[in-house]
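1. Attaching a predicted model along with its sequence, questions to come.
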Amino acid sequence: MPARVHAIIVARPGPSARAQLLRTLDALRSQTAPLSAVTLVICGDARTARESESVASMVEGIIEARGGTSYADAVEMARPRVAEGSAVWLLAHDTAPHPRALERLIGALERSPSAAIVAPKLVQTDNDREIVSLGVSMTTLGRSVELAAGELDQGQHDGRDDALGADIRGMLIRGEIRDALRVDPALAGADEGLDLGVRARLGGGRVVLAPSARVSVAPDGPAALPTGRGRRAFAVRVAQLHRRLAYAPGVAVPLHWLTLLPLALWRSVTHLIGKRPEEVVPEWAAALTAMVRIGAIARSRQRIRAFRSSSWSSIAPLRVSRYDLRRRLDDGHGSEGGAVSELRFFSGGGAWAVLAALVVSVATFTTLLAWPVLGGGALLPLRTTVAALWADAAWGLRGLGVDVVGPADPFAAVIAALGSLWPAGPSFALVLVWILALPLAVLGGWFAATRVTDRAGLRILAGIVWALAPTFLSALVDGRPAAVLAHLLLPWLFHTAVVAHRSWGAAGAASILFAGVTACAPSLIPALVLLWVIALGITLGGARFRGAVRLLWLPLPAIALFAPLVVWQLRHGSLIAVLADPGLIWAGPQATADAAGRLALAAGFPTPDFAGWATVVGAELAPWAGVLLAPLALLALLSAVAPRWRAGITLLIVALTGFATAFLAVGVTVSFAQGAAVAVWPGAGLSLAWIGVLGAALVTLDTALTMPRVRLVGAAVAGLAVAICAVPALSSFHTGRSVLADGPASSLPAYVAAQAVDDRPVGTLVLTPTNDGGLAAEVAWGASETIGAQTTMLSTATEPQGTDITTLAVDLLSARDFDGADELGALGIEYVLLAELSDDGSDRARTLHTAAVTALDQRAGFVQAGSTDRGVLYRLEADAAPRGTLSAGQQATARLVVTVQLALMFAALLLSIPTRASRRAARAKSRIVGRAPEEPMVLPRHAEDLHDEHPSAVPARDIERSEASSPSRAEVEGESDGGSAPQPSPDDQTGPDPDDTEPRTDESTRDADDATTHSADATSEEKR
């Protein structure tokens, strides 16, 4: 038995710390085994401790250290006071040993001559039945792993007595080797006990666990991990990297050092995939810290060499393999464990609804299957190569105009992503969008409805009604790709955004969809920002700060996409021009700001023909088509007094925001098409309003109409009325009332398209006589004007951008004698196209067209290449100069903009990738948002029917399931440098976020979760 045991207590000042210190000292007085001495090291002001009689009577000395002194340095300051041969007991002000703890630690040291260190069982201060730590090991790559933590103490680990390391709190170090086993200050407060255990094992000793010796600890003491997720992640990673460099063979140290930054990059990716973005910055900080601490690494390696007497193979049996880690933490339930709200897409009929919508779509747009390119309305071809698609989406030279340099519209990125799905012929991707629009809309509406109701019939109704929205069908018939894509993306934005506060996975997906929706419909930016602010305020009001942080991420990718355009508009135009419609500006039919137009908008129709009803029943009776949408509107209004009135009112606010956007849009004119002003398309606002109305109606049908027959009648009437309202629009393609057309594959003559194969930058000056006798001039580059090349920089411009060609265009048709061909060639323009006039062209336009042909025929340097269905084409006799390139400064700007945008979008994409752990965490929470905890959930329809027909067959308690969710489980991260298990943070001590479903890789709740799950399974089996 050791003659002496010297206890070293490290404390920090503060009222709570003082109370904990007094409790610890009282615990030392009550020890059944005597202490030879106690040294107190206070990291801060020690006057209060020195004036305390209870402290002074217990300790042999008090050492005052600086406030920022680490635990390792504080212990080192007290080491000279330890008598020769005395064992050292490492404590802190929050470690209160149980009365027989020291006796049992000394006994374990006596019984094991090879024991260099004896470690107690650490338990919670306020609950001594919960294990905080009992033994620590590490993986093959050095990641520390708690062998028992966060478990209910039932003696299940009391048979374990050998471990690689342990928590440093409460450790008893044998006196003969205490000088060789000093706490390493370079570990930043993490893995100190594990490092001591490894060094003890290499020195021929071992770490013995004494489970019967119990020490109560608090989570925020001097020897605990730092508080705060960021600081904790930094400390854990610094310790891991330092131990790796200290333990590695000498020849491998430089290689490890060189891989620190590449590993930081790789682990940043895995942190984002693992939904741990808060660990990205600490990861880089830890890597840089480990790189510069060469001296600390050398000192640690020297200590190991000085004491080492065994090989590294001696610690191999005590490491935790990847297989053992997964087996120990796997609950055996896969990703289904704890699911409280099943999706039931196939069993609930969602798949059949999508399939039926596909049949209707094929019947509606039959001939589109044979079209390689879709034309008409605001449709244009896409670039012929994927590289050109993404070039149009990047900052740089624009595809229209001469020397027009600046940001691309975010919609160009959407088009590039869409075209990349069909690289063999990107233009065909839009054909597929039109064919699949209805089934995709049903799919999106169905998934959005899963956030409102779990009734299979109502989800199907939501998908159908969303697909038959008048604004969506009008966009399909009129050829408005941006509006179609916005409508398809909106339900997915709703599906992810309403739970973005729960997890980083939902927040990442919502941020991508937020960027996509705003890119397709910039007019929705004010409405979506308003709803985002409201959601953020509600989240902060509920003290869900982690949820608020996730919501703060939601608009960042969109900000990155729009920021260059905002800056450009502030310099060259007006800020409101950012809200302009993207793509080709087309002066098609749409509601106006007059009384008739506002009546159409109020009824939910974006066009004055009320989605085709004007051609069916006449313009006088067409407004009565709005009556068909009245049942849905009435159900939506009733949601304000439904049992789930909070959800109903929230969705009504969404609807009002959408209607306000639509009414304001028709009064905003920022775009121009061949000199004519074109108002913003109001259909985007109506799509937002439609999702609010539809969601509110579902709330009413789900909760207010409790009688099944009443619910069935209400849903049938509303759905049938919307279906009847959609008939004229669905039949317009076959009755010739749609502007959709087969192609063209290029807006330029085939001769130009052949010269510009593979999107070579061939310049074409397009001259178009206007009906008012004017001349519209623009320069297109490549084989065609494309939808991705369109830019609001030009469509909203009130003055010429880049090199002004208007004067040159007019002079070409005048009697002025100059070398027009040479001036055009200097700009890189090789062709001049005098565009063909439409059938409704005015006499003044035809007169100008004839005069232009005569003038160009007589102009030297021009050769007529032929008259085509696109117009009369002229080419230059001499070769044109190559198109200009970006300057060095412009290239630097382009690289910076593209890098920032790609970085944020890539981070959002990584966050949105689902993992097994994130799926499990999401399924442990109800899909439905805004449901009261006591509200029952609904089983599949067959159970309801069985209960209605035979009440005794199925007990009501089996039909109504509580929403109380089981604790979320998480998949253990694979053993690699791709991830590390986050430890429980003291920040969580204030209480868990009720909506937080972030996957955790903490093993502290694993056994409790398993017990809960198995118990629930057994109870369910007994009921069955």
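-> On my side now, so go ahead.
2. what's the spacing between the residue nearest in space to the middle of the chain and P277?
-> Closest to where the C-alpha atoms of the chain average out (Cα atoms, centre = their mean) is G508, at 0.2 Å. To P277, G508 is 9 Å away according to Cβ to Cβ, to the nearest Å. From N, CA and C alone the C-beta is placed, and that goes for glycine too.
3. Common neighbours of these two, please.
-> Shared contacts of G508 and P277 (Cβ atoms under 8 Å, 6 or more residues apart in numbering): 553, 907, 911.
4. Of these, which is the most crowded?
-> Neighbour tally across the shared contacts of G508 and P277 (other Cβ atoms under 10 Å): the maximum, 27 neighbours, falls on L911.
5. and the next element down the chain from the helix or strand containing that one?
-> Here L911, judged by DSSP states H and E, is contained in helix 888-912. Under the assignment DSSP H and E, the closest C-terminal helix or strand after helix 888-912 is helix 916-923.
6. CA-only coordinates of the helix or strand where T518 lies in CSV, if you can.
-> Assigned by DSSP H and E, T518 falls within helix 504-520. Written as CSV, here are the backbone C-alpha positions of helix 504-520 (Å, rounded to 0.1, in the frame of the first residue of the first chain):
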residue,chain,number,x,y,z
TRP,A,504,-28.8,20.8,-41.1
GLY,A,505,-29.9,18.3,-43.8
ALA,A,506,-33.3,20.1,-44.2
ALA,A,507,-31.6,23.5,-44.0
GLY,A,508,-29.1,22.6,-46.7
ALA,A,509,-31.8,21.3,-49.1
ALA,A,510,-34.0,24.2,-48.4
SER,A,511,-31.2,26.7,-49.1
ILE,A,512,-30.6,25.1,-52.6
LEU,A,513,-34.3,25.2,-53.3
PHE,A,514,-34.6,28.7,-52.0
ALA,A,515,-31.9,29.7,-54.5
GLY,A,516,-33.6,27.8,-57.3
VAL,A,517,-37.0,29.4,-56.7
THR,A,518,-35.7,32.9,-56.4
ALA,A,519,-33.6,32.3,-59.6
CYS,A,520,-36.7,31.3,-61.5
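7. one step back: let me have the shared contacts of G508 and P277 in a markdown table, adding distance to A456 and pLDDT as columns.
-> Shown next, in a markdown table, are those (distance: Cβ to Cβ, whole Å; pLDDT from 0 to 100):
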| residue | distance to A456 | pLDDT |
| --- | --- | --- |
| W553 | 33 | 94 |
| A907 | 36 | 93 |
| L911 | 31 | 92 |
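8. Just send these back as a markdown table, with distance to R644 too.
-> Shown next, in a markdown table, are these (distance: Cβ to Cβ, whole Å):
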| residue | distance to R644 |
| --- | --- |
| W553 | 28 |
| A907 | 35 |
| L911 | 30 |
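9. okay but A186 is in contact with V292, surely?
-> No. Look at A186 against V292 with Cβ atoms under 8 Å: they stay out of range, at 11.6 Å.
10. the more surrounded of these two?
-> Counting neighbours by other Cβ under 10 Å for A186 and for V292 shows that A186 has the greater number, 21 against 8.
11. tell me which residues in stretch 878-887 are buried?
-> For stretch 878-887, a neighbour-count test (16 or more other Cβ atoms under 10 Å) marks 880, 883 as buried.
12. can you check stretch 905-917 too?
-> Within stretch 905-917, the residues that count as buried by 16+ other Cβ under 10 Å are 905, 907-912, 914-915, 917.
13. same thing with stretch 667-677?
-> Neighbour counts over stretch 667-677 (16+ other Cβ under 10 Å) mark 668, 670-672, 674 as buried.
14. Could you tell me the end-to-end distance of it?
-> 11 Å (Cα to Cα, to the nearest Å).
15. and it, average pLDDT?
-> In this model, stretch 667-677 has an average pLDDT of 88.
16. what's next to it, contact-wise?
-> 523, 574, 576-577, 579-581, 585-587, 593, 678-680, 768, 770, 772, 774, 776, 792, 795-797.
17. Type out the ChimeraX command that picks the buried ones from those residues.
-> Here is the ChimeraX command that selects the buried residues among the contacts of stretch 667-677 (16+ other Cβ under 10 Å):
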select :523,577,579,580,581,585,586,593,678,679,680,768,770,776,792,795,796,797
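18. returning to what we had before: run through the neighbouring helices and strands of the helix holding L911.
-> If contacts are counted by 3 or more Cβ pairs under 8 Å, 6 or more residues apart in numbering; DSSP states H and E, helix 888-912 sits against helix 260-273, helix 504-520, helix 556-572.
19. Need the mean per-residue confidence for the shortest one.
-> Read it as helix 260-273. pLDDT averaged over helix 260-273 gives 91.
20. Off-centre distance for the helix or strand that comes right after it?
-> Scanning forward in sequence from helix 260-273 by DSSP H and E, the next helix or strand is helix 280-292. Relative to the chain's own centre, helix 280-292 is displaced by 24 Å; criterion: Cα atoms, centre = their mean, to the nearest Å.
21. helices or strands up against the helix or strand just after helix 280-292?
-> Where DSSP H and E defines the elements, the next helix or strand beyond helix 280-292 is helix 294-307. Judged by 3+ Cβ pairs under 8 Å, 6+ apart, the packing partners of helix 294-307 are helix 192-202, helix 229-247.
22. Show me where the stretch 351-500 of the chain has its strands.
-> 374-375, 396-397, 405-406 (DSSP state E, counting those that start in this stretch).
23. May I see the ones you listed organised as JSON lines, with mean neighbour count, mean pLDDT and distance to G155 added?
-> Formatted as JSON lines, these follow (neighbours: other Cβ atoms under 10 Å; pLDDT from 0 to 100; distance: least, Cβ to Cβ, whole Å):
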{"stretch": "strand 374-375", "mean neighbour count": "23", "mean pLDDT": "94", "distance to G155": "71"}
{"stretch": "strand 396-397", "mean neighbour count": "22", "mean pLDDT": "93", "distance to G155": "69"}
{"stretch": "strand 405-406", "mean neighbour count": "21", "mean pLDDT": "94", "distance to G155": "71"}
